[in-house]
Structure formats: C-alpha cells, structure tokens
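In: What follows is a predicted structure for the sequence shown.
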Amino acid sequence: MAQRLALRRLLSLTPRGPPASPGRAFGTSAGRRSTFNVQDGSDFQDRVVNSPKPVVVDFHAQWCGPCKILGPRLEKMVAKQEGKVVMAKVDIDDHTDLAIEYEVSAVPTVLAMKNGDVVDKFVGIKDEDQLEAFLKKLIGA
C-alpha cells in the first residue's frame, strides 16, 4: 500500500510532456511491427496478457533519462528476434493503474511475460549482451 501511495505521489509531481501520438508502432515495415504503445487497460489485456507470443513490457516515462537510452536499445534487440517476441511500451504517466498493478516502483522497469504471466523482470539500464540474454531466456532459445 505504501508503494502505491508513493508511486501516485511521484506521478502527480512529475512534469508531463506532450502526449504521445496514439496507435503508432515502431518498425521498419508494416509487416514487422514488433513494438507497440499500449493504449489502455483493454489494449494491454488483448495484446500483452492474451498474446500467443512472449512479450517484453517496457514501463517508461517521457521525463526519464535512462528510459530514453534503454527504449531504443531494447527495441533494436527485440527487432533482431525476427517476430519470436513482441514489445509493449507502457508510459507510467498515462497508465498509472498498470504501473501499480505490476508493482512498478522505478523506471525503466522491464517485464518478460509469457502466457499472461510475468516470468522475469529487471529495473534500470542493461547493455546489449544483457538484453540479448534476457530475451533468449524469455524465448527459450
């Protein structure tokens, strides 16, 4: 309970940047959209919890410096997996409910989910070798 209150206080004090444009996916072609922004709780349920593929969930914030480093690095590593895994990006300022539900107390927090369950997690920045190991463990390669 104390974590929830602290997170709510933190989120209410943080400056908010311009809203992200909804529905934008990242990728080099329409057929290879391995990264997407979560739009709401229902979208998270449909595209993450009910995903047939393993999902990397990146909880981030626009004001978070380390998130700006990790995000593109993680997107690049997910794209290299050639569709074996997808990546969901969750802005904690827009989706406080999801951040609380998944006990996100700092950003960046990255969850590995398989069949709707969290199977692994890390907080902070990782280098490419660490990210590759994290993804391989999730995929089972």
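Out: Perfect, thanks for sending it.
In: For V86, list the residues it contacts.
Out: S34, T35, F36, R47, S51, K53, P54, V55, V56, V78 (C-beta atoms under 8 Å, 6 or more residues apart in numbering). In this view, the C-beta of every residue, glycine as well, is placed from N, C-alpha and C.
In: Kindly recompute the last result at 6 Å.
Out: Applying C-beta atoms under 6 Å, 6 or more residues apart in numbering, we find V86 in contact with S34, K53, V55.
In: Leaving out sequence neighbours, find the closest residue to C67.
Out: In space, not counting the residues next to it along the chain, C67 is nearest to H60; the distance is 3.8 Å by C-beta to C-beta, 6 or more residues apart in numbering.
In: beta partners of the one you found?
Out: Note on H60: beta-bridge partners by DSSP bridges are D91.
In: Run a quick neighbour tally on it.
Out: 22 (other C-beta atoms under 10 Å).
In: ok, now Y102?
Out: 18.
In: excluding its backbone neighbours, what's nearest it?
Out: L111 (6.3 Å).
In: what about the helices in this structure?
Out: Along the chain, counting by DSSP state H, helices occupy 2-13, 41-44, 65-79, 96-101, 128-139.
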